[in-house]
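In: just a sequence and a predicted model for now, questions to come.
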Amino acid sequence: MVSTNYAEYDSVKVKLRLEDDSMRDEIRLIMQEINDLINNRLRAKLGEYNIYGSRIELPLTSSTLPPIPVELKAIANDLVVAKIRLQNSEKPMLWDSAVNVLDNYLEKVYGWTRSTKFQPIRTYTVSPTSGNVGATVTLSGTNFEPTAKLVIKFNGNDVVTTPTTVITDSKGVFSGVTFVVPSVTEDQYKIKIVDGFGGIEANFQVT
């Protein structure tokens, strides 16, 4: 089961130098408060839907889009610790600093989404990345437009692929798409993979 907490209980215990679980309930409660804080900040940055019209699910996990960054987990742990120490000492300096770190981090990573919808970063693989005319090239990719027809171009021209129609799945993934390198001279060319929101390019060296 995927954890829905940004902070990790065991990591918080270590930071607080606790040797037992006497504060388990208090820590769990504050972890939920930090979840709410981070989710509210993320929703303000990311909005409800990404550029494809898919809902951005919160809390972020390893399987959401975008996935949870490792740095955010560490920040969440610090926030839980700071909140506990704030309640015990009523000194806000550590808490204010931890919240400031969170805000600065989210601004650095997601601040650009303020004026536009979140656009997932498309990824791709090309295998091989070089070969002769007539060589078979295999493509795969993630985070493209979901359930969409892709256009594959080589040297600016459409190529015949197998399968002939390339459709991403509901998560924007495709794999095992092949085409044959057309008749061109030895040089470096661009493979372009295009969905309804633009495309990405990969280099291919014809030898």
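Out: Nice, thanks for sending it over.
In: element containing L150?
Out: Element membership of L150 [criterion: DSSP states H and E] is strand 149-154.
In: show me which residues of that strand are buried.
Out: L150, I152, K153, F154 (16 or more other C-beta atoms under 10 Å). For every residue, glycine as well, the C-beta is placed using N, CA and C.
In: which one of those residues is nearest K15?
Out: L150 (46.3 Å; C-beta to C-beta).
In: surely the closest one meets I167?
Out: Yes: counting by C-beta atoms under 8 Å, L150 does reach I167; the two are 7.4 Å apart.
In: what about the residue minimising distance to the centre of the chain, which SS state?
Out: The centre of the chain sits closest to P66, judged by C-alpha atoms, centre = their mean, with a distance of 3.3 Å. Of the three states, P66 takes coil under DSSP: H, G, I helix; E, B strand; the rest coil.
In: can you pull the contacts of it?
Out: The contact partners of P66, taken as C-beta atoms under 8 Å, 6 or more residues apart in numbering, are L46, I56, L60, F118, P120.
In: that older thread, overlap of the contact sets of L150 and I167?
Out: F174.
In: if we can go back for a sec, out of the contacts of P66, which two sit at the greatest distance?
Out: Maximum distance among those (C-beta to C-beta): 12.8 Å, for L60 and P120.
In: the chain - how does it break down into domains?
Out: Domain ranges of the chain: 9-114, 123-206, per automatic domain parsing.
In: average pLDDT across the longest one?
Out: The reference is to domain 9-114. For domain 9-114, mean pLDDT is 94.
In: which of the residues in the longest helix belonging to the chain are buried?
Out: For the chain, the longest helix by residue count, based on DSSP state H, is helix 24-46. Applying a neighbour-count criterion of 16+ other C-beta under 10 Å, one finds I27, I30, M31, I34, N35, L37, I38, R41, L42, K45, L46 buried in helix 24-46.
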